[in-house]
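> pasting a predicted model and its sequence here:
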Amino acid sequence: MENNKYNPEDSFKINGCEIGLTVLDFWKYAYSDLNADSRDVIAEFLVSNALGIHEATNRQDWTLYDIDFRGVRIEVKCTGFYQTWREDDNVSEERRFSIRQATDRKTKICERHNDIYVFCLLKGNTRQEANPLVLENWEFYVIPTSKINEECGNNKSISLNKVKKLCNPSNYSDLKNEIIEHTGIIAMKHALKELSKTQIKFVCDECVIDTVTLKNMNEQQIYDIVYETMCNIEIEEVCANTDGNDTVRCAIASDIVTILGNAMARAEGFYEEQ
């Protein structure tokens, strides 16, 4: 056993003697009903494996998000229509996901501490239709947390209907690509913390914004306003310079482009692919 994880064949013992019960026996007893409480864990399992993460590293109940993917924090939420305890097929279409804010124990900041939500819907009103092992029965909705913050404010939950209005569903095969579409610019926003005070001042001066505005920009604004402006400055300075030496303005913009661009490339898996 490593990292508090047990193997299926590990045995229960009395005075060092095995009694014929294993961890696998416990799992069968407690978690064989995949339409019960374990459905949330199945959703997280599917999202993790779609991303190539085959071993949970952030499963404690007190953690502020579920999955760390290339430095981007992902929170997985799940709902479905069929319930094991339901005796009929009269199922309400109204379903909600929790988007409750939480307080970081270290910083004491209360907010949504993830970067992306993956809302997972297990379709089907009957046991057969809602078999979680059949991946065609699942829909995945990938929404940046910044968008949830803009649309929902301090709300503690979001309806399935609202989620469907905010984005189109993905299937399991497309889930990784759907998530990667957002990871690059999210990582770029995180990379702003790597900039020096001089670089932050340069960004604010060139983009005609203050530090508060910069801090509160969403990911797309970081890309459209900050990154694009820095790239344009770099190009303009190079084109205007005839002596072959970088100007101070060009050098600062170039360094910022490198920091933000590298963060985006890493999050999109560019270096892994190379």
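Happy to help now that I have it. Numbers count the residues shown, from 1 in each chain.
> what residue of this protein is the furthest out?
residue 243 (46.3 Å; CA atoms, centre = their mean).
> distance of that residue from residue 237?
Computed with CB to CB, to the nearest Å, the distance linking residue 243 and residue 237 is 12 Å. (Each C-beta comes from the backbone N, C-alpha and C, glycine too.)
> residue contacts, the residue farthest from the centre of the chain?
When the contact criterion is CB atoms under 8 Å, 6 or more residues apart in numbering, residue 243 has no partners at all.
> tell me how far it lies from residue 249.
Between residue 243 and residue 249 the computed distance is 14 Å (CB to CB).
> cool, residue 228 as well?
Taking CB to CB as the measure, residue 228 and residue 249 are separated by 16 Å.
> show me the protein divided up by domain.
Domain segmentation of the chain under automatic domain parsing yields 29-170, 192-273.
> reformat those into TSV and put distance to residue 19 and mean pLDDT next to each item.
Converted to TSV, the domains of the chain look like this (distance: least, CB to CB, whole Å; pLDDT from 0 to 100):
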stretch	distance to residue 19	mean pLDDT
domain 29-170	15	88
domain 192-273	46	92
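> let's have these in a markdown table, adding distance to residue 15.
Written out in a markdown table, the entries for these read as follows (distance: least, CB to CB, whole Å):
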| stretch | distance to residue 15 |
| --- | --- |
| domain 29-170 | 23 |
| domain 192-273 | 50 |
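> ok, back up a step: helix, strand or coil for the residue farthest from the centre of the chain?
Following DSSP: H, G, I helix; E, B strand; the rest coil, the label given to residue 243 is coil.
> next one: residue 225
Assigned with three-state DSSP, residue 225 falls in the helix class.
> now do stretch 214-231: distance to the chain's middle.
Put simply, stretch 214-231 sits 20 Å off its chain's centre (CA atoms, centre = their mean, to the nearest Å).
> got the contact list for that stretch?
Residues outside stretch 214-231 that contact it (CB under 8 Å, 6+ apart) are 144, 146-147, 150, 182, 185-186, 188-189, 192, 200, 203-204, 206-207, 209, 253, 256-257, 260-261.
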